[in-house]
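In: 3D model of this:
(chains A and B)
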Amino acid sequence: DSGVTQTPKHLITATGQRVTLRCSPRSGDLSVYWYQQSLDQGLQFLIQYYNGEERAKGNILERFSAQQFPDLHSELNLSSLELGDSALYFCASSTSLLAANYNEQFFGPGTRLTVL
Amino acid sequence: SQKIEQNSEALNIQEGKTATLTCNYTNYSPAYLQWYRQDPGRGPVFLLLIRENEKEKRKERLKVTFDTTLKQSLFHITASQPADSATYLCALDMNAGNNRKLIWGLGTSLAVNP
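Out: So this is what the prediction gives:
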């Protein structure tokens, strides 16, 4: 158990809908990362938050948004869902922002999103 | 842009043998290179990290090498066991100022046969 929790575990919805995925990082971790993993694309970095602030952006669509709250949990919002958004969505956390104080990322169990 | 290539074909080896997985990258060398293990339907689990100024890193039966000239990292599992069967992901740490991103390979599936 990595200490990172994600809810829900599974989510089935229809095209055009909006969903919210939730992540609680390990106790003490200030950085939260969101990833999308599909069979043909591998693990794609979406966005990173550090202590409530957005720090890095990857291949995140405009239909997607995220935020990190004062208690450090994070939510990933996916809207106007398309069939191609079906994937595993992982949240990861780490203690440090700076590469000089590197720490590995701890991944949650993921949320499997199916868009019908 | 930085690209990572891992063996797309699954690797099948006999129990007790050494498994060697390859990670090649293009363009500039990363500050760090990491290896993760991923089991089906689960999140990746960190295994080893190697810095650009390190040639080799070991942890129990695991060994990682990093050749910045060849732009390649090799991941070895010695005395392999069926429990080592999983997908192994290579990730490059791209540090841009205070922003850290990991660029991931697609992974190599390893099957250790008893």
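
In: Which per-residue confidence value corresponds to the spatially closest residue to residue B:68 that is not a sequence neighbour?
Out: The shortest distance from residue B:68 to any non-neighbouring residue, by Cβ to Cβ, 6 or more residues apart in numbering or on different chains, is to residue B:29 (4.5 Å). All C-beta spots, glycine's among them, are computed from the backbone N, C-alpha and C. We note a pLDDT of 73 for residue B:29 in this prediction.

In: quick one: low-confidence ranges for the chain?
Out: Here I'm looking at chain A. By pLDDT under 70, the weakly predicted segments of chain A are A:96-103.

In: Not quite, go with chain B.
Out: Ranges of chain B meeting pLDDT under 70: B:1, B:95-100.

In: near chain A at all, stretch B:78-92?
Out: Yes. Shown here: stretch B:78-92 in contact with chain A (Cβ under 8 Å from any Cβ of the partner chain) through B:89, B:91.

In: Show me what counts as buried in that stretch.
Out: Buried residues in stretch B:78-92, counting neighbours by 16 or more other Cβ atoms under 10 Å in any protein chain shown, are found at B:80, B:84, B:85, B:86, B:87, B:88, B:89, B:90, B:91, B:92.

In: Let's have those in JSON lines, adding distance to residue A:95 and secondary structure.
Out: Formatted as JSON lines, the buried residues of stretch B:78-92 follow (distance: Cβ to Cβ, whole Å; DSSP: H, G, I helix; E, B strand; the rest coil):
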{"residue": "B:80", "distance to residue A:95": "32", "secondary structure": "coil"}
{"residue": "B:84", "distance to residue A:95": "28", "secondary structure": "helix"}
{"residue": "B:85", "distance to residue A:95": "31", "secondary structure": "coil"}
{"residue": "B:86", "distance to residue A:95": "25", "secondary structure": "strand"}
{"residue": "B:87", "distance to residue A:95": "26", "secondary structure": "strand"}
{"residue": "B:88", "distance to residue A:95": "24", "secondary structure": "strand"}
{"residue": "B:89", "distance to residue A:95": "21", "secondary structure": "strand"}
{"residue": "B:90", "distance to residue A:95": "22", "secondary structure": "strand"}
{"residue": "B:91", "distance to residue A:95": "17", "secondary structure": "strand"}
{"residue": "B:92", "distance to residue A:95": "20", "secondary structure": "strand"}
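
In: Specify the local secondary structure of residue A:59.
Out: Put simply, residue A:59 is coil when judged by DSSP: H, G, I helix; E, B strand; the rest coil.

In: picking up where we left off before, which one of the buried residues of stretch B:78-92 is nearest chain A?
Out: Nearest to chain A out of those is residue B:89 (Cβ to the nearest Cβ; 6.7 Å).

In: residues touching residue B:64, list them.
Out: B:33, B:35, B:48, B:50, B:56, B:57, B:58, B:73, B:74, B:75, B:76 (Cβ atoms under 8 Å, 6 or more residues apart in numbering or on different chains).

In: One more: residue A:112?
Out: Contacts of residue A:112 by Cβ under 8 Å, 6+ apart are A:9, A:10, A:11, A:87, A:88, A:89, B:41.

In: That one belongs to a strand, doesn't it?
Out: Yes. Using three-state DSSP, the assignment for residue A:112 is a strand.
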